[in-house]
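Undergrad: can you look at this prediction? I've put the sequence above it.
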Amino acid sequence: MFDIMFDSIFHCHSLAEFSRMNCVGICAFLVPANIVATLATITLTVVNRPLYQVWLSVMFTGMFATLMLLHVYSWLMIGVIMIPTYILLSLAISCLLINLAAIIWRKEILQFVYFRQFNYFLK
């Protein structure tokens, strides 16, 4: 039991150390990936693409934003509190919130269109 716990803690420490050692490369990939994926979600939502395409875009954006959050938390664990840390944290959180809003907005539009069609047939 202790061996399993020690191994998982060791792996988490190794991943956090990898994240901190390769910070420039990770941020150089994740920042544009978050922005492009969020813009893709917004575009798919505004253009009224099918819901599964919007969900697929949201899943990719969520994956990128979650990786960004984990990367930032690896810095916060060792006490690095700097402006770039907060900027990256706010970028990841705002991407997640924008995607959540896109899904809610898309579902509300679908319900509105369905309700409108239903009322049209009742008249």
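TA: That came through, no problem.
Undergrad: any figure for the gap between C23 and L88?
TA: 10 Å (CB to CB, to the nearest Å). All C-beta atoms are positioned from the backbone trio N, CA, C, and that covers glycine.
Undergrad: between those two, which one's more packed in?
TA: Counted by other CB atoms under 10 Å, C23 and L88 do not tie: L88 has more neighbours, with 21 against 16.
Undergrad: so W105 touches I42, yeah?
TA: No - using CB atoms under 8 Å, W105 is not in contact with I42, being 9.8 Å away.
Undergrad: of the two, who's got more company?
TA: I42 (18 against 14).
Undergrad: just the element for the more buried one, please.
TA: I42 belongs to helix 23-46 when assigned by DSSP states H and E.
Undergrad: how far off centre is that helix?
TA: 9 Å (CA atoms, centre = their mean, to the nearest Å).
Undergrad: in it, which residues are buried?
TA: Buried residues in helix 23-46, counting neighbours by 16 or more other CB atoms under 10 Å, are found at 23, 26-27, 30-31, 33-34, 37-38, 40-42, 44-45.
Undergrad: I'd like those laid out as JSON lines, including distance to F60.
TA: Formatted as JSON lines, the buried residues of helix 23-46 follow (distance: CB to CB, whole Å):
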{"residue": "C23", "distance to F60": "22"}
{"residue": "I26", "distance to F60": "17"}
{"residue": "C27", "distance to F60": "18"}
{"residue": "L30", "distance to F60": "12"}
{"residue": "V31", "distance to F60": "15"}
{"residue": "A33", "distance to F60": "8"}
{"residue": "N34", "distance to F60": "10"}
{"residue": "A37", "distance to F60": "5"}
{"residue": "T38", "distance to F60": "10"}
{"residue": "A40", "distance to F60": "8"}
{"residue": "T41", "distance to F60": "9"}
{"residue": "I42", "distance to F60": "13"}
{"residue": "L44", "distance to F60": "11"}
{"residue": "T45", "distance to F60": "14"}
